[in-house]
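Chemist: pasting the structure only:
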Ligand code: ARG
């Protein structure tokens, strides 16, 4: 995770970002600390990346890399405003003992567009991550990539429209209308038992959630997801990240998962 020390909305690269709307930096920090402390209270280890001035979106740490089996695929951002974040993430991995690193050739925004299930590496495209990066990730990780076309600019990253609930069992939740008809059909075929989110819960960033296989941390305003999650045996935990929503992100965007290594 990366604290929102320099968080601000000074430019707009997604429809949620409105530079005219004020952000409360102190509240953003408190909300971020609540998320970090919640992870720690649940027994997870949270490592922190130092924020850099001039990179207001760095708080969305999920976009900085993808880590699987201890192997690190670096990011390459679509927008110049975020270019420099990629190197900061790679430096962090270099100084934390990760030897198997790849500086990507093609544009990919890390876990913003890559999601791991037991059988697949789901990969978004259409707004940020290039389809060429899907092939690059498949080759690097040796996992089956399933490319999914995002069609609604409000859901510009895969992690705004789909969440892996249990990565040992191919259990996911998603918002169908964020995807093209063909991608919707692929999801229905691969995940026939998925939890489908309503427009209202998707718009509350309810799919921008993190699950450890039991606890699901998600925005508290995505109220329609709580009972269906409980019915499937999960324990939903509502978080308030209202300030970070102003940059177009929530729980998952602020969290990069270190898998293995
Ligand atoms: N303002 C950031 C952007 O548009 C938000 C990134 C949100 N992160 C995410 N994993 N969806 O790039």
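Modeler: That came through fine. Since this is a predicted model, take the numbers as computed values, not measurements. Numbering: from 1, shown residues only.

Chemist: Residue ranges in the stretch 51-200 of the chain under the pLDDT threshold?
Modeler: In the prediction, the stretch 51-200 of the chain carries no residues with pLDDT under 70.

Chemist: now the strands for it?
Modeler: 65-68, 71-74, 101-102, 114-116, 121-125, 145-149, 162-166, 171-174, 195-196 (DSSP state E, counting those that start in this stretch).

Chemist: Looking at the ones you listed, which is nearest to residue 183?
Modeler: strand 145-149 (4.4 Å; Cβ to Cβ). C-betas here are computed from N, CA, C, even on glycine.

Chemist: Parallel or antiparallel, list what pairs with the closest one.
Modeler: Here strand 145-149 has these sheet partners by DSSP bridges: strand 121-125 (parallel).

Chemist: The partner strand versus strand 162-166: what angle between them?
Modeler: 170 degrees (axes from the mean of the first three to the mean of the last three Cα atoms, to 10 degrees).

Chemist: quick one: stretch 226-241 near the ligand?
Modeler: No: using Cβ under 6 Å from any ligand atom, stretch 226-241 stays clear of the ligand, with a minimum separation of 11.2 Å.

Chemist: now do stretch 161-177
Modeler: No: figure legend: stretch 161-177 not in contact with the ligand (Cβ under 6 Å from any ligand atom); closest approach 9.7 Å.

Chemist: what about the residue nearest to residue 62 when sequence neighbours are not counted, how many residues close to it?
Modeler: Excluding its sequence neighbours, the residue lying closest to residue 62 (Cβ to Cβ, 6 or more residues apart in numbering) is residue 111, at 4.2 Å. Counted with other Cβ atoms under 10 Å, residues neighbouring residue 111 total 25.

Chemist: Make sure residue 111 is actually in contact with residue 63.
Modeler: Yes: at 7.0 Å, residue 111 and residue 63 qualify as touching, with contact defined as Cβ atoms under 8 Å.

Chemist: what touches both of those two?
Modeler: Counting by Cβ atoms under 8 Å, 6 or more residues apart in numbering, the contacts common to residue 111 and residue 63 are residue 256.

Chemist: any idea how far residue 4 lies from residue 56?
Modeler: Using Cβ to Cβ, to the nearest Å, one gets 8 Å for the distance from residue 4 to residue 56.

Chemist: whoops, residue 221 was the one
Modeler: In terms of Cβ to Cβ, residue 221 sits 23 Å off from residue 56.
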